[in-house]
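> Return a 3D structure for these sequence lines:
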Amino acid sequence: MSRPRPVIGYLRTAPRELPQDRPSLDQQRAGIVDAVEGNGWVLVSVEQDQRSGRSLRRPGLQRALDACREGSAEAIVVARLDRLTYSPADLAQLMAGAARDGLHIVALKEGLDTAEADSAQSLRIFTEAASWIPSALERAARPLSGRPRGRPSSTPVEVAERIRSMRREGTTLQAICDVLNDEGVPTPRGGQRWRPTSLRSILRTDGSSPGVGQA
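Numbering: from 1, shown residues only. Okay, here's the model as predicted:
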């Protein structure tokens, strides 16, 4: 009989996240416990942070990673991927580091388990992405002709795409602003407070401009 899989649960909320936009700590914990019991795993511990997902430098997350690296557990289990990070670049680097260190990531909502064959390709993609995301962003910010054309965009490519993605998923303009403000993301003009009007020009570029009465 194979040894039960030891795992560590990881929970995260941010102080200014709206309740409707993320599961509570209790909801995340309950989902992880159910998955552990349903799969016959062993829950070694549960770490948590009440911090923004803007950075990976969170004490609870680092404790979970360190425990896996030291051999206390084989995987970190989260309710969904955005509990690890909001940043695609950080997620790619986190996945690449997990592959290098021999630990696994399980995201329940997305059905991702990097130890499983079906998820192995996803892990390879994330690992590859960790090596090319910085250069891709650099190329995207550079005019194809080599000469500036018009007023350059002051919104980073990854921020603009994230805004469009949240809007396509049905997130209200105010909820998007709250997430960006909580993470301290600068506005296109360098301000500290995002407002719905700050998002409209970004959303218009891909036809996602909100209609009358939408927020």
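> what separates residue 71 from residue 102, distance-wise?
Using Cβ to Cβ, to the nearest Å, we find residue 71 at a distance of 9 Å from residue 102. C-beta here means a position set from N, CA and C on the backbone, and glycine is covered the same way.
> same deal with residue 187?
Taking Cβ to Cβ, one finds residue 187 at 41 Å from residue 102.
> More neighbours: which of the two?
residue 187 (18 against 10; other Cβ atoms under 10 Å).
> And the more buried one, its phi and psi?
Torsion angles at residue 187 (phi, psi; degrees, to the nearest 10) stand at phi -80, psi 170.
> Please verify my assumption that it contacts residue 199.
No - between residue 187 and residue 199 there is no contact under Cβ atoms under 8 Å: 9.7 Å.
> now the strands for this protein?
6-13, 42-50, 75-78, 104-107, 112-113 (DSSP state E).
> Any regions of this structure where pLDDT drops low?
1, 117-154, 190, 205-215 (pLDDT under 70).
> Residue ranges of each domain in it, please.
6-132, 157-204 (automatic domain parsing).
> Go ahead and measure how far the last one is from the middle of the chain.
A distance of 15 Å separates the C-alpha centroid of domain 157-204 from that of its chain, computed with Cα atoms, centre = their mean, to the nearest Å.
> What count of nearby residues applies to residue 85?
Per other Cβ under 10 Å, the neighbour tally for residue 85 reads 21.
> what are the ranges of the helices in this protein?
Assigned by DSSP state H, the chain shows helices spanning 25-39, 59-69, 88-101, 117-140, 157-168, 173-183, 196-204.
> any chance of those helices in a markdown table, with mean neighbour count too?
Output for the helices of the chain, formatted as a markdown table (neighbours: other Cβ atoms under 10 Å):
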| stretch | mean neighbour count |
| --- | --- |
| helix 25-39 | 15 |
| helix 59-69 | 18 |
| helix 88-101 | 18 |
| helix 117-140 | 14 |
| helix 157-168 | 17 |
| helix 173-183 | 19 |
| helix 196-204 | 16 |
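> Can you say which of the ones you listed is nearest to residue 8?
helix 59-69 (4.8 Å; Cβ to Cβ).
> how far does the closest one sit from the chain's center?
Using Cα atoms, centre = their mean, the offset of helix 59-69 from its chain centre is 17 Å.
> got the CA coordinates for that helix in CSV?
Coordinates of each C-alpha in helix 59-69 appear next as CSV, following Å, rounded to 0.1, in the frame of the first residue of the first chain:
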residue,chain,number,x,y,z
PRO,A,59,5.4,34.7,5.6
GLY,A,60,2.7,32.0,5.5
LEU,A,61,3.4,31.1,1.9
GLN,A,62,7.2,31.0,2.5
ARG,A,63,6.6,28.7,5.5
ALA,A,64,4.6,26.4,3.4
LEU,A,65,7.2,26.4,0.6
ASP,A,66,10.1,25.8,3.1
ALA,A,67,8.2,22.9,4.8
CYS,A,68,7.9,21.2,1.4
ARG,A,69,11.5,21.8,0.5
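> Run the angle between that helix and helix 88-101 for me.
30 degrees (axes from the mean of the first three to the mean of the last three Cα atoms, to 10 degrees).
> What is helix 59-69 packed up against?
Counting contacts by 3 or more Cβ pairs under 8 Å, 6 or more residues apart in numbering; DSSP states H and E, helix 59-69 packs against strand 6-13, strand 42-50, strand 75-78, helix 88-101.
> All set, thanks.
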